[in-house]
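1. Need a 3D model of the sequence below.
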Amino acid sequence: MIDHFLVLDSTSISKNIAIHCEGLSKVYGTQTVVDDLALEISYGSIFGLLGPNGAGKTTLIKILTGLLKPSKGRAVVAGFDTNVHSIKVKENIGWISSEVILDESLSIMENIHIQARMHNIGKDWKDRAVALLKYFELTDTKVKKVEKLSTGMKKKLEIVMALLHKPKILFMDEPTIGLDANTRQLLWSFIRRINSMYGVTIFLTTHYIEEADALCDNIAIINNGKVIAMGPPQLLKSQAHGDIIEITFFSSFDYKNIKSISGLIHIEEIGSIEESKTFENRINKSLKLRIKVNNAETVLPELISKISENQSYNIETIRIEKPNLESVFLELTGRRFEDIEETANIKR
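-> Below you'll find the model as predicted:
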């Protein structure tokens, strides 16, 4: 009865929707990794799931690709319920992981042949492969072993293999993690070309803010398994109110006198000593302040003047940040991505 209901209900989803999730959750013991998640992604778009390590991105992809069953809720991918028709889901999707998954002892074409057999592609797989290899400028397909390819070429080969069976949706789980800046930029250009040339819907997970901003039509920001914001990058950035000034000091000081500056919205210590500690115990400690202001250029001169009145030559660095996806995340959670990832690494 449940399966029957799910199959029937999926027909009510618009034909333009590539991925539909509602009430999706995944729980391991007492830990909720994906928490009551809802998404709708249109065909032909590049969608980005942005979040720090451990936010639930990979778990969500495993659910959407039929590799993992949700604890509750459901997902419809390419018109098929992942719980009921996981095989059909797999027939309509491609997947590229953060790690290179190739047999390096084989040639380029031998790797592609294995992929063709896994997807039960007929005799025309070679024609399709040759066309894709030419498009992605991969040569020496019969002789060259994969182990001799550069990281960038290996990523291109993975894209060729993922597109071989003509998927409607391509999942890319942090595909640029660990790559150098040049290879990352190269992969960005290929992601755009795949989307425009082949019309493939791309679901991209990343914890690189600039990557999501540069590539995606729509973004969902996820933290602790929950989507905390969603929309086009420009719309999300417009929701961040004011600029951020971060100042690192050589030593701590009583900064109460700067709180009265006009245009200052909020001030807080970052990675600081507890408020309960006395000023005397804090005086020899370095200090970092995150100051939210209406306009950094207007406020900064008076801010520096007030600080200098209190304690000259104490400023080590000043960082000004205009509204961006990082400041949206900061406004929603009170923490930066790197703050959360540092904490996660310490726990590991």
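2. Every contact and neighbour count from this point should use C-alpha atoms.
-> Will do.
3. Tell me how far the residue lying closest to residue 290 once chain neighbours are set aside lies from residue 337.
-> Excluding the flanking residues, the one nearest residue 290 by Cα to Cα, 6 or more residues apart in numbering is residue 246, at 4.5 Å. As judged by Cα to Cα, to the nearest Å, residue 246 and residue 337 stand 15 Å apart.
4. Contact partners for residue 71?
-> By Cα atoms under 8 Å, 6 or more residues apart in numbering, the contact set of residue 71 is 24-27.
5. ok, 7 Å please
-> Neighbour list for residue 71: 25-27 [criterion: Cα atoms under 7 Å, 6 or more residues apart in numbering].
6. and the residue nearest to residue 290, helix, strand or coil?
-> Following DSSP: H, G, I helix; E, B strand; the rest coil, the label given to residue 246 is strand.
7. List the contacts of it.
-> Here residue 246 is in contact with 289-291, 318-320 (Cα under 7 Å, 6+ apart).
8. Of these, which count as buried by neighbour count?
-> By neighbour count, with 16 or more other Cα atoms under 10 Å, the contacts of residue 246 hold 289-291 as buried.
9. ok, how many other residues are close to residue 334?
-> 10 (other Cα atoms under 10 Å).
10. should've said residue 132
-> 19.
11. Okay, and the residue nearest to it when sequence neighbours are not counted sits in which element?
-> In this structure, residue 132 finds its nearest non-sequential neighbour in residue 160, 5.9 Å apart by Cα to Cα, 6+ apart. For residue 160, the enclosing helix or strand under DSSP states H and E is helix 151-163.
12. And for residue 171?
-> Secondary structure from DSSP H and E places residue 171 in strand 169-173.
13. quick one on the thing from earlier: relative to residue 173, which of the contacts of residue 71 is nearest.
-> residue 26 (17.9 Å; Cα to Cα).
14. Can you list the helices and strands that whichever strand or helix holds that closest one packs against?
-> For residue 26, the element it lies in under DSSP H and E is strand 17-28. Using 3 or more Cα pairs under 7 Å, 6 or more residues apart in numbering; DSSP states H and E, the elements in contact with strand 17-28 are strand 31-42, strand 72-77.
15. what residues does the first one touch?
-> So that's strand 31-42. By Cα under 7 Å, 6+ apart, the residues outside strand 31-42 that reach it are 16-27, 56, 60, 224-227.
16. which among those residues end up buried?
-> 17-21, 23-26, 56, 60, 224-227.
17. mind checking how far the nearest residue to residue 307 once chain neighbours are set aside is from residue 291?
-> Nearest residue to residue 307 in three dimensions, chain neighbours excluded: residue 258, at 7.1 Å (Cα to Cα, 6+ apart). Residue 258 sits at a distance of 10 Å from residue 291 (criterion: Cα to Cα).
18. Please apply the same query to residue 167.
-> According to Cα to Cα, residue 167 and residue 291 sit 47 Å apart.
19. burial measure for residue 192, as a count.
-> Using other Cα under 10 Å, residue 192 has 18 other residues around it.
20. Buried residues of the helix or strand in which it is found, list them for me.
-> Using DSSP H and E, residue 192 sits within helix 181-198. With burial defined by 16+ other Cα under 10 Å, the residues of helix 181-198 counted as buried are 183-184, 187-188, 190-192, 194-195.
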